[in-house]
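Undergrad: pasted the sequence and its predicted model underneath.
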Amino acid sequence: MNEKEKIIVEINVSPKGLHIEHPTCSKGHSLKCDKVKIHNFPSIKVKAKTNDEEGFMYLDPIYGSFDNIIEGMKIPDGVIVELFCPECDESLTISGENCKICSAPMFVFHLPNNSIVEGCLRKGCMFHELKIVNADQQLARLFEERMLL
Ligand SMILES: [Zn+2]
Ligand SMILES: [Zn+2]
């Protein structure tokens, strides 16, 4: 693979400007949940596990917003949660990356065109970032889309 094509750009996007439309696990299963909407957008449904409990989480699809819905379990602030694809049970934890704020493990969602969203798995930390591969093309699209908002 050409090294140049693997360059990853990290950008800061202002909160509430963007929502995550097509998140998947690494195998391409959609995590989008049309039945549960948050801020009028389909939420992101994942299976969640802590040491004691197991349930589901519907994550806020707005980038920078955290009005998540937790179903069937309680997650106290500060606890590290592990997330899984509801379809294939794949762990969404990304290996080798830790939160820059609290050093907890991170999850990853795959987006179309090789982009990813990573986030901290510690409840209450809220650190996350968007990484865009093939930056020129992607950034152009991003700004185009944001201007329509
Ligand atoms: Zn899957
Ligand atoms: Zn963190």
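TA: Looks like it came in fine. Ligands and ions are numbered 1, 2, ... in the order given.
Undergrad: only C-alpha atoms for contact and neighbour calcs from this point on.
TA: Will do.
Undergrad: measure Leu121 to Cys33 for me?
TA: Distance of Leu121 to Cys33, given as Cα to Cα, to the nearest Å: 20 Å.
Undergrad: give me the more crowded residue out of those two.
TA: Between Leu121 and Cys33, counted using other Cα atoms under 10 Å, the more crowded position is Leu121 (27 against 16).
Undergrad: is that one in contact with Val108, as I believe?
TA: No. At 9.9 Å, Leu121 does not count as touching Val108 under the criterion of Cα atoms under 8 Å.
Undergrad: what is the neighbour count of Phe109?
TA: Using other Cα under 10 Å: Phe109 sits among 24 other residues.
Undergrad: what about whichever strand or helix holds it, near ligand 2?
TA: Phe109 belongs to strand 105-110 when elements are defined using DSSP states H and E. No. Using Cα under 5 Å from the ion, strand 105-110 stays clear of ligand 2, coming no nearer than 7.7 Å.
Undergrad: what's in contact with that strand?
TA: 23-26, 28, 83, 92-95, 97-99, 116-122 (Cα atoms under 8 Å, 6 or more residues apart in numbering).
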